[in-house]
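> could you work out the structure for the sequence below:
(2 chains)
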Amino acid sequence: MTTKYQAIKGVKDILPGEIEKWQFMEKTAREVFELYGFSEIRIPIFEMTAVFTRSIGETTDIVEKEMYTFPDRSGDSLTLRPEGTASVVRAYVEHNLYNPPSVVKLYYMGPMFRCERPQAGRYRQFYQIGVEVFGTENPEIDAEVIGMLLKYFEKLGLKELELQINSLGCDECRPKFREALLEFLKNKINLLCEDCQKRFERNPLRIFDCKSVSCHDATKEAPTIEGYRCDNCKSHFNSTINFLDKLNIPYVKNPKLVRGLDYYTKTAFEIISKGLGSQNAIAGGGRYDKLVEEFGGPPTPAFGFAIGMDRTAQLIQPLAFSLQPSVFIVALGERANQKVFELINNLRQNEIRVERDYEGSSLKSQLRKANKFGVRYTIIIGDNELDKDKVILRDMSGSRQEEIDIETIVEIMTKKLRER
RNA sequence: GUGAGCGUAGCUCAACUGGUUAGAGCACUGGACUGUGGCUCCAGUGGUUGAGGGUUCAAGUCCCUUCGCUCACCCCA
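Numbering: from 1, shown residues only, chains lettered A, B, ... in the order given. Below is the predicted model:
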């Protein structure tokens, strides 16, 4: 008995009919991002494990339980990238892209890997388009890049999106907030769910995210980051907001928005879509002003986001993307077949998309096939035509057909297709 | 890692509380129409009911095991 193979859990094939959406997403991204001065960077699919553990954070879920990590033959620990930012920062520092000093704008696209239980809008191999800007703390960049992202979604025809934005503070003010939060929750700890009791120790900010009713109630009166931002963070956030207003971008301030990667500072945001499953964030990002330094580069503020392509694809209306052939050629019999083989080649030399039947089916069957391909013209060649050095050219929309000299058919097809 | 739901033809789904040979639509092939598509009508191909075991006179249906898919929790894009 032969084994029937299937794709491993959480990965999928993107088939013709669906792939056109993906090509559309990629093409549009290049157009929009390049308009804003971004260049593509291709980063490897895997890295030394430490690249991710250091940047994403040792105690995050991604690092603790979701990475595909394995030793290579020399014993080094490698990891399939769970996100793109860490690699881009590594490349930025490795190639001294900060020299000469100026703002560097990069984008990337490709697969990411996280070993999670698959769910609607979540896969083990999933695809992201990401953007990173290095070298400025200016809040104009925060607003400009968010604006670019929304323009991109607009070009894809997405509607009913919501921008949620927050400022997480910096290493000046976030520790103070954390203190205050711990202080507040200290005597409510037994009201929290089991998971949140763990979070209390490790990542108390995440308790805000919890959906359990008791945790929600317990944090109702809790302090939020808003009251603890330092002057610098406060003014950065206000400026960002003001620039968003200038771009007429609507947003919802969400002081409870927390992101799952440790490197974020100041601005954090997500784009939420209605009508997805419970995994409703189609893009997320923010500022990470310390990460380049942690990778051994000079102090370099940075801002970026990542788009979830799988989720975005779900929202794109199915359009008639697919490329149809213009001409179908019917050959009847072996003699005709010989002739048709050459003719098809000639047509393709002239940039005409041609399809044919490879099975030697009946005329009726081949015409049915032509109809299914949706071609405008069908060329029919059988013994009768060969004897006269003619072909039949059939216009499929009106059922009209005429005999044409076989020598002139390529020229006539070229002309007819150009007219339309 | 936890919980719930679902696995029947290539696809979408039927089959009442267990009951004869597991059906229909779409798709595919052929015919009505000797070499002329779409519409219509007729016929045909296609199944180890995910797999394995058990209960029963009898299992697609009930029980157990296992694999897979889906959704949700967790978390994230």
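> state the helix or strand in which A:Val131 lies.
Using DSSP states H and E, A:Val131 sits within strand A:125-134.
> run the chain-centre distance for that strand.
7 Å (Cα atoms, centre = their mean, to the nearest Å).
> hmm, it in reach of RNA strand B?
Yes. Using Cβ under 7 Å from any atom of the strand, strand A:125-134 reaches RNA strand B at A:126, A:128. Every C-beta, even on glycine, is put in place using the N, C-alpha and C of the backbone.
> pLDDT on that strand, on average?
In this model, strand A:125-134 has a mean pLDDT of 97.
> likewise for stretch A:313-322?
pLDDT averaged over stretch A:313-322 gives 76.
> how about the strands in the stretch 251-400 of chain A?
A:252-253, A:265-273, A:281-287, A:302-308, A:327-331, A:354-356, A:377-381, A:390-395, A:400-405 (DSSP state E, counting those that start in this stretch).
> related to what we said a few turns ago, give me the sheet partners of the strand holding A:Val131 and which way each runs.
In the sheet, strand A:125-134 lines up against strand A:104-113 (antiparallel), strand A:302-308 (antiparallel) (DSSP bridges).
> surely A:Thr312 meets A:Lys155?
No. Counting by Cβ atoms under 8 Å, A:Thr312 stays clear of A:Lys155, with 11.7 Å between them.
> more neighbours, these two?
Using other Cβ atoms under 10 Å as the criterion, A:Thr312 and A:Lys155 rank with A:Thr312 on top: 25 against 14.
> list the contacts of the more buried one.
Contact partners of A:Thr312, counting by Cβ atoms under 8 Å, 6 or more residues apart in numbering, are A:25, A:153, A:156, A:158, A:282-283.
> top of the residues you listed by neighbour count?
A:Ala283 (27 neighbours).
> what pLDDT does the model give the residue lying closest to A:Pro223 once chain neighbours are set aside?
With sequence-adjacent residues excluded and distances taken as Cβ to Cβ, 6 or more residues apart in numbering, A:Pro223 is closest to A:Ala180, at 4.9 Å. We have a pLDDT of 87 for A:Ala180.
> state the three-state secondary structure for A:Ala180.
Three-state assignment for A:Ala180 (DSSP: H, G, I helix; E, B strand; the rest coil): helix.
> look up how far A:Leu156 lies from the spatially most central residue of chain A.
Among the residues of chain A, the one closest to the centroid is A:Met309, at 2.8 Å (Cα atoms, centre = their mean). In this view, A:Met309 and A:Leu156 are 11 Å apart by Cβ to Cβ, to the nearest Å.
> can you check A:Gln314 too?
12 Å.
> the residue in the stretch 151-300 of chain A positioned nearest to RNA strand B: how many residues sit nearby?
Of all residues in the stretch 151-300 of chain A, A:Gly260 sits closest to RNA strand B, at 1.2 Å by Cβ to the nearest atom of the strand. Using other Cβ under 10 Å, A:Gly260 is surrounded by 15 other residues.
> likewise A:Asn254?
18.
> got the domain boundaries for chain A?
A:19-173+A:229-315, A:327-419 (automatic domain parsing).
> before we move on, the earlier item: so for A:Met309 and A:Leu156, which residues contact both of them?
The contact lists of A:Met309 and A:Leu156 share A:Met25, where a contact means Cβ under 8 Å, 6+ apart.
> buried set for stretch A:176-195?
For stretch A:176-195, burial by neighbour count (16 or more other Cβ atoms under 10 Å) applies to A:177-178, A:180-181, A:185, A:188, A:192-193.
> ditto for stretch A:225-242
Buried, per 16+ other Cβ under 10 Å, within stretch A:225-242: A:225, A:228-229, A:233, A:236-237, A:240-241.
> centre of the chain to that stretch, how far?
So, by Cα atoms, centre = their mean, the centroid of stretch A:225-242 is 30 Å from its chain's centroid.
> what's that stretch in contact with?
A:137, A:139-140, A:142-143, A:165-170, A:172-174, A:176-177, A:180, A:251, A:253, A:255, A:266-267.
> where does pLDDT dip in the stretch 251-400 of chain A?
The stretch 251-400 of chain A contains residues with pLDDT under 70 at A:318-322.
> now the helices for it?
A:291-294, A:309-315, A:334-349, A:363-373, A:383-388 (DSSP state H, counting those that start in this stretch).
> likewise for the stretch 101-250 of chain A?
Here the stretch 101-250 of chain A has its helices, by DSSP H, counting those that start in this stretch, at A:139-155, A:174-185, A:194-202, A:213-218, A:231-246.
> got the angle for the third one vs helix A:174-185?
It refers to helix A:194-202. Put simply, helix A:194-202 runs at 130 degrees to helix A:174-185, going by axes from the mean of the first three to the mean of the last three Cα atoms, to 10 degrees.
> circling back: among the domains of chain A, show me which one is buried the most.
Neighbour counts (mean count of other Cβ atoms under 10 Å) averaged over each of the domains of chain A peak at domain A:19-173+A:229-315, with a mean of 18.
> what's the spacing between that domain and its chain's center?
Distance, stretch centre to chain centre, for domain A:19-173+A:229-315: 11 Å (Cα atoms, centre = their mean).
> for it, measure first residue to last.
Separation of the first and last residues of domain A:19-173+A:229-315 by Cα to Cα, to the nearest Å is 14 Å.
> same check, this time on stretch A:346-354
End-to-end distance for stretch A:346-354: 10 Å, by Cα to Cα.
> what do you get for stretch A:248-261?
29 Å.
> you'd agree A:Val63 is in a strand?
No. A:Val63 is assigned helix when assessed by three-state DSSP, not a strand.
> of the strands paired with strand A:125-134, which is nearest RNA strand B?
Closest among these, using Cβ to the nearest atom of the strand: strand A:302-308, at 2.4 Å.
> and the contacts of that closest one?
By Cβ under 8 Å, 6+ apart, strand A:302-308 touches A:29, A:83-85, A:88-89, A:121, A:126-135, A:141-142, A:145-146, A:149, A:152, A:267, A:269, A:281-289, A:291-292.
> hmm, stretch A:179-186 touching RNA strand B?
No. Judged by Cβ under 7 Å from any atom of the strand, stretch A:179-186 and RNA strand B are separated, with a smallest distance of 14.7 Å.
> now that stretch: how far from the chain's centre is it?
The chain centroid and the centroid of stretch A:179-186 are separated by 38 Å, computed with Cα atoms, centre = their mean.
> for stretch A:176-187, same thing?
Remark: stretch A:176-187 is offset 37 Å from the chain centroid, using Cα atoms, centre = their mean.
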